[in-house]
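Chemist: coords please:
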Amino acid sequence: MILVVGGTGTLGRPLMTRLAARGVPLRVLTRDSGHAAALRATGVEAVEGDVRDAAAVAAAVNGCDTVISAIHGFASGRGVSPAAIDRDANISLVRAAVDANVDHMILVSAYGASASHPMSLHRMKFAAEQALQASGLHWTIIRPTAFLETWTNLIGAKLPTGGAARVFGRGDNPINFVAVTEVASALERAVFDEGWRGRSVDVVGTDSITLNQLAERLTAAAGSSARTDHVPLLALRALSILARPVAPAFARMAHAAVEMDTSNMEVNGPAPAAK
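Modeler: Below is the predicted model:
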C-alpha cells in the first residue's frame, strides 16, 4: 500500500495517474469529502482528515509500506503556513511512519532548501528533511525547482478572458522551471528504484527562462495581442511586509516574487543569501 499525502494537488494528480497505471494499491489522505468520493470511485482508498491532525495521520499511515509527502502550505489561507505544513505536519508524518513500521518515506522538498534560505518554505522543507533523515526510515528526498504550471497559471490567469499577462517584478531574471510531470516521474522512480533510497535528488528543468519570456509564450499561445502588466518590484517588497498581519499567504507570495526577481534562480548557481 502506497499512501500519497497531497495526492489531489498540482503534483499529486499526475503522480496518482502514474502510480494507478502500475496497478499498485493506493491510499490518499484528504480533508475534502468531494475529492475523497471521487478517489473512491476510481478504486483508490481515501482517508478523510487534516494532515495537521495526528489521529488522521496515524490512520492514514497504518498498514502502508511507502509514504509520499507532496504537501505544502505556501499559498494557503490563514492558519496554514510553511511552518505548520511543510515543517510540523511533515515531522508528524515522519513520526507516524516510524510508529507504523513504514518501510520507505519519500519527501517532496525544494531545490536549494537550507536552514538559511531567504524563503520560509525552503527553511521549513529543510527542517522536515532533517527529521526524515534522522528517523531511521528508508528515505528519499526529491528537490524540484519552481513548478512551471504554478507560474503559468499566475501569469496567464487573465488571458482566457482577454486580459493582460501579469509579471511580478521586472521579469528579466532567468529562472529554472520544471514541469510537474517530470517531478511525478522522479517520484515514481523513487518508489520502485531501491537505488534511490538514502538520496536527495534534484529535479530541474532543461533550461531557464525569464517571466517576461514566459508571458510572451503564453500570450502567443493564446493568440492574444494583450499587453503584459508588471507589478513593480517596490510594490512587491512593500506587500511582502505590509500584508503579513492580514494576508500572510499573499505576503509570502509577494516575497517569493521578490526573490525570484532578484536572486540567482538558475541551477547550480550560488546559494541564496539570507536576509
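
Chemist: residue farthest from the centroid of the chain?
Modeler: Ser225 (31.9 Å; CA atoms, centre = their mean).

Chemist: now that one. Nearest residue, chain neighbours left out?
Modeler: In this structure, Ser225 finds its nearest non-sequential neighbour in Thr219, 7.7 Å apart by CB to CB, 6 or more residues apart in numbering. In short, each C-beta sits where N, CA and C put it, glycine included.

Chemist: can you name the next helix or strand after the helix or strand where the one you found lies?
Modeler: Applying DSSP states H and E as the criterion places Thr219 in helix 211-221. Next helix or strand after helix 211-221 toward the C-terminus (DSSP H and E): strand 228-231.

Chemist: now do that following strand: distance to the chain's middle.
Modeler: Distance, stretch centre to chain centre, for strand 228-231: 25 Å (CA atoms, centre = their mean, to the nearest Å).

Chemist: list the buried residues in that strand.
Modeler: 228, 230-231 (16 or more other CB atoms under 10 Å).

Chemist: now these in TSV, with pLDDT and distance to Pro248?
Modeler: Below are the buried residues of strand 228-231 laid out as TSV (pLDDT from 0 to 100; distance: CB to CB, whole Å):
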residue	pLDDT	distance to Pro248
Thr228	90	28
His230	96	24
Val231	96	18
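
Chemist: shaky segments in the stretch 51-200 of the chain?
Modeler: Residue ranges of the stretch 51-200 of the chain with pLDDT under 70: 75-79.

Chemist: gap between the residue farthest from the centre of the chain and Leu214?
Modeler: The spacing between Ser225 and Leu214, counted by CB to CB, to the nearest Å, is 17 Å.

Chemist: next, the buried residues of the helix holding Thr219.
Modeler: With burial defined by 16+ other CB under 10 Å, the residues of helix 211-221 counted as buried are 211-212, 214-216, 218-219.

Chemist: list the helices and strands that helix packs on?
Modeler: In terms of contacts (3 or more CB pairs under 8 Å, 6 or more residues apart in numbering; DSSP states H and E), helix 211-221 is packed against helix 148-156, strand 165-168, strand 228-231.

Chemist: residues in contact with it?
Modeler: For helix 211-221, contacts defined as CB atoms under 8 Å, 6 or more residues apart in numbering pick out 151-152, 155-156, 159, 165-169, 171-173, 175, 177, 225-226, 228, 260-261.

Chemist: buried ones among those residues?
Modeler: Applying 16+ other CB under 10 Å to the contacts of helix 211-221, the neighbour count classes 151-152, 155-156, 159, 165-169, 171, 173, 175, 177, 228, 260-261 as buried.

Chemist: quick revisit: how far out from the middle of the chain is the helix holding Thr219?
Modeler: For helix 211-221, the distance to the chain centre is 23 Å (CA atoms, centre = their mean).

Chemist: report the angle between it and helix 148-156.
Modeler: For helix 211-221 against helix 148-156, the angle by axes from the mean of the first three to the mean of the last three CA atoms, to 10 degrees is 80 degrees.

Chemist: how about stretch 150-159 as PDB, C-alpha atoms only?
Modeler: Extracted in PDB, the C-alpha atoms of stretch 150-159 (Å, rounded to 0.1, in the frame of the first residue of the first chain):
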ATOM      1  CA  THR A 150       2.200  27.300 -11.000                       C
ATOM      2  CA  TRP A 151       3.700  30.300 -12.600                       C
ATOM      3  CA  THR A 152       2.000  29.700 -15.900                       C
ATOM      4  CA  ASN A 153      -1.300  29.900 -14.100                       C
ATOM      5  CA  LEU A 154      -0.300  33.000 -12.200                       C
ATOM      6  CA  ILE A 155       1.000  34.900 -15.200                       C
ATOM      7  CA  GLY A 156      -1.700  33.800 -17.600                       C
ATOM      8  CA  ALA A 157      -4.700  33.700 -15.400                       C
ATOM      9  CA  LYS A 158      -6.500  36.600 -17.200                       C
ATOM     10  CA  LEU A 159      -5.500  35.700 -20.800                       C
END
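
Chemist: now the nearest residue to Ala70 once chain neighbours are set aside, what are its backbone angles?
Modeler: Nearest non-adjacent residue to Ala70, counting by CB to CB, 6+ apart: Gly6, 3.4 Å away. Reported as degrees, to the nearest 10, the phi and psi values for Gly6 are phi 100, psi 30.
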